[in-house]
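K.L.:
what's the 3D shape of this:
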Amino acid sequence: RLLVVDCFAKGAVLLPDLAAGVPVRIFLLSLLLGCFLVMGYVCLLCGIHRRALKREGECRKGEKALAVCFLVYSFWNLVYLASAFGEIGTVFLLPESRKETLMAMMILAGAIQAAGGVEARARTGTVLYHILVWPMAVLLIAGAFGIRPEHLAPGNVLEELNRSGTKEMFGMALRIFLAFGGIGTFVFVMPMVSGESGKAFRKGMALTCGLLFGMLVVLIGVFGEGGLKNMQWPVIQLMSSAELP
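P.N.:
Here you go, the predicted model:
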């Protein structure tokens, strides 16, 4: 649940921003390819971790190098998320506040949460899962009633692929993969990413990928290609304009 909350929230903000550079049909293909790479990465992590547990004490240098990579990634990830939080807060919730103030509040809250240890964070994630995921799902479904069929016309995907080039599609898929590269940090906080917990790890990431793909299809159906590319924070715009019967 912590994995789903972390990755879905980040993806909901980040992915529409990535879609601005390519035609939406090519982006959806890139998203499928990126999700395939992410799932392969998760399975690879589970396999490596299982073997590392059997060879305890033999991978210390490799562990330190990996930890440094994840530390740098986590730092830039934090900078991006704090900046997005501050910008969204000032645009939609507290226009009279400064972006830097909201960023500082988020980082302070995160530091307090981290000081409670992994178990406390996981419990918070479990509570937030129900508070955030289900209402978001309801709002997405309500927003989906505004889909216009013409926005989801299949079009000529092969023609767009020839025009854009497969290189651009693979480059976009790699950026999508890098956006979720931080899932590797779960290796350091979970006691064993194998067996039941490995299955939960793979299930959580598969659920996240499915939710994000469905969310983007809804966004394209409601706002069209131009709206997705030009609108600021389209996910929040969709949920704030959803009408509940």
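K.L.:
next helix or strand past the least confident helix or strand in the chain by mean pLDDT?
P.N.:
Lowest mean confidence among the helices and strands of the chain (mean pLDDT, DSSP states H and E): helix 157-164, at a mean of 60. Reading on from helix 157-164 to the C-terminus, the next helix or strand found by DSSP states H and E is helix 166-179.
K.L.:
mind checking the longest helix of this protein?
P.N.:
helix 195-230 (DSSP state H).
K.L.:
for this structure, which spans come out with low pLDDT?
P.N.:
Within the chain, the stretches with pLDDT under 70 are 49-62, 154-165, 186-194, 242, 244-245.
K.L.:
now do the helix or strand following the longest helix of the chain and helix 195-230, the angle between them.
P.N.:
As assigned by DSSP H and E, the chain's next helix or strand after helix 195-230 is helix 234-241. Here the directions of helix 234-241 and helix 195-230 differ by 80 degrees (axes from the mean of the first three to the mean of the last three C-alpha atoms, to 10 degrees).
K.L.:
helices or strands next to helix 234-241 in the packing?
P.N.:
If you count contacts as 3 or more C-beta pairs under 8 Å, 6 or more residues apart in numbering; DSSP states H and E, helix 234-241 packs onto helix 2-18, helix 134-144, helix 195-230. Any C-beta I mention is one placed from the backbone N, CA and C, and that applies to glycine too.
K.L.:
pull out the buried positions in that helix.
P.N.:
234-239 (16 or more other C-beta atoms under 10 Å).
K.L.:
now the two most distant members of these.
P.N.:
P234 and M239 (9.8 Å; C-beta to C-beta).
K.L.:
picking that back up, winner for burial among the helices and strands packed on helix 234-241?
P.N.:
helix 2-18 (a mean of 20; mean count of other C-beta atoms under 10 Å).
K.L.:
so which bits of stretch 107-125 are buried?
P.N.:
Neighbour-count burial for stretch 107-125 flags 121, 125 (criterion: 16+ other C-beta under 10 Å).
K.L.:
quick one: end-to-end distance for it.
P.N.:
Start to finish, the residues bounding stretch 107-125 are 17 Å apart (C-alpha to C-alpha, to the nearest Å).
K.L.:
neighbouring contacts of it?
P.N.:
1-2, 5-6, 78, 82, 189 (C-beta atoms under 8 Å, 6 or more residues apart in numbering).
K.L.:
distance from it to the middle of the chain?
P.N.:
How far stretch 107-125 lies from its chain's middle: 19 Å, per C-alpha atoms, centre = their mean, to the nearest Å.
K.L.:
my understanding was that I147 contacts L219; is that so?
P.N.:
No. Counting by C-beta atoms under 8 Å, I147 does not reach L219; the two are 9.6 Å apart.
K.L.:
E96 in helix, strand or coil?
P.N.:
Under DSSP: H, G, I helix; E, B strand; the rest coil, E96 falls in the coil class.
K.L.:
how deep is it tucked in, by neighbour count?
P.N.:
E96: 5 surrounding residues under other C-beta atoms under 10 Å.
K.L.:
separation between it and L102?
P.N.:
11 Å (C-beta to C-beta, to the nearest Å).
K.L.:
before we move on, back to that, want to try JSON lines for the helices and strands packed on helix 234-241, with distance to T126 as columns?
P.N.:
Shown next, in JSON lines, are the helices and strands packed on helix 234-241 (distance: least, C-beta to C-beta, whole Å):
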{"stretch": "helix 2-18", "distance to T126": "7"}
{"stretch": "helix 134-144", "distance to T126": "13"}
{"stretch": "helix 195-230", "distance to T126": "12"}
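K.L.:
out of those, which gets nearest to L31?
P.N.:
helix 195-230 (6.0 Å).
K.L.:
sounds good, over and out.
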